[in-house]
Each structure stands twice: as structure tokens, then as C-alpha cells.
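A.B. asks: with the sequence up front, the predicted model follows.
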Amino acid sequence: KYSLFRFIDVFEAFAIYLLCFASNLIFIYVQTLNLEEVSYILESFIKSIIDYQIIINIFLTFIMIIFHYQFLERKKTEISCRILVGDTMVHIIIRYILHSLAILVFSFLLSLSLNFYLELKVTSNLYLVVIFIIYILISAGQVKRE
């Protein structure tokens with residue numbers, strides 16, 4: 001009721017977070033595979049992609065920055081209307097941060113269960129969580145600007 005997020009916004013953010021976490025898990029899982037058993041061409045292809053793992057992960061996290069920016073641009077009018085009817089900017093920002101973090105935590109827990117299923121290191125996606133928290137806090141400043 002008080003959230004800026006509608007169902008489609010939650011679904012879109014969840015999908016983007018999950019894409020970032022899943023791609024990171026796939027890179028880590030491929031690194032744990034025994035590549036000597038596959039053909040030389042496939043092995044060299046996989047190794048060339050793994051060399052760019054950090055760049056690909058950073059690019060995918062920028063998609064989340066774009067989502068937060070576009071989301072808040074679409075919600076300018078709604079934020080203004082909420083202020084006109086008596087809501088405070090502090091409450092809007094706090095709810096935005098809490099709802100964004102809830103979506104992030106839910107997608108992280110889902111990726112964590114995938115971590116356990118694939119028997120990978122649990123800490124493999126923690127740096128992404130920290131980056132996303134920073135993005136959320138920065139985008140909360142954009143709410144204040146509106």
C-alpha cells in the first residue's frame with residue numbers, strides 16, 4: 001500500500017538481481033569443473049570467457065543501477081503526490097530502502113540455496129550483495145532529489 005514498488009517492479013528487480021547472482025555462480029561453477037575432459041576448443045572458449053568474469057559481472061551490476069534510476073524517474077509524480085497528501089520524504093526514503101533490501105535479500109537467499117546445491121563457496125556472492133547495498137543507498141539519495 002505504501003510502497004513505491006508494484007508487483008511488476010518487484011518482479012523486474014528480483015529478476016535482475018537473480019541474473020547477476022546466477023551469472024556469478026555459473027562462472028564460479030565453471031571454474032570448478034575439470035576442463036581437461038572436454039575438447040580443446042570448448043576449453044579455450046570457456047577460459048577466454050572466465051578471463052572477463054569481473055568485467056561481465058560489473059556490466060551486469062550496472063543493469064541494476066539503470067533499473068533503480070529508471071524506477072525512480074517513473075515514480076517522480078507518485079513521490080510528489082505522496083508528499084502533497086502528507087507523507088514525509090524520510091518515510092518514503094526509508095520504505096524505498098527497506099523494500100529494495102527485501103528484494104535483494106530474497107534473491108540472495110535463493111542464490112544461496114543454489115550455492116548449497118552446487119556445493120560452491122557460500123561467500124561467492126557476498127561482494128555482489130555489498131555492491132547492491134551501496135547502489136540502493138546511492139539511489140535513495142535520488143529519491144530525496146525528486
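C.D. replies: Looks like it came in fine.
A.B. asks: for the rest of this, base every contact and every neighbour count on C-alpha atoms.
C.D. replies: Will do.
A.B. asks: which other helices and strands contact the helix or strand of the chain with the lowest mean pLDDT?
C.D. replies: When the helices and strands of the chain are compared on mean pLDDT, DSSP states H and E, helix 40-51 comes out lowest with a mean of 78. The helices and strands touching helix 40-51, judged by 3 or more Cα pairs under 8 Å, 6 or more residues apart in numbering; DSSP states H and E, are helix 7-32.
A.B. asks: for the helix it packs on, packing partners?
C.D. replies: helix 40-51, helix 53-74, helix 89-118.
A.B. asks: Phe71 - nearest residue in space that isn't next to it in sequence?
C.D. replies: Among residues not flanking Phe71 along the chain, Asp9 sits closest, at 7.9 Å (Cα to Cα, 6 or more residues apart in numbering).
A.B. asks: do Met64 as well
C.D. replies: The shortest distance from Met64 to any non-neighbouring residue, by Cα to Cα, 6+ apart, is to Ile16 (6.5 Å).
A.B. asks: on that earlier part again, now do the residue nearest to Phe71, the pLDDT please.
C.D. replies: Asp9 is assigned 90 on the pLDDT scale.
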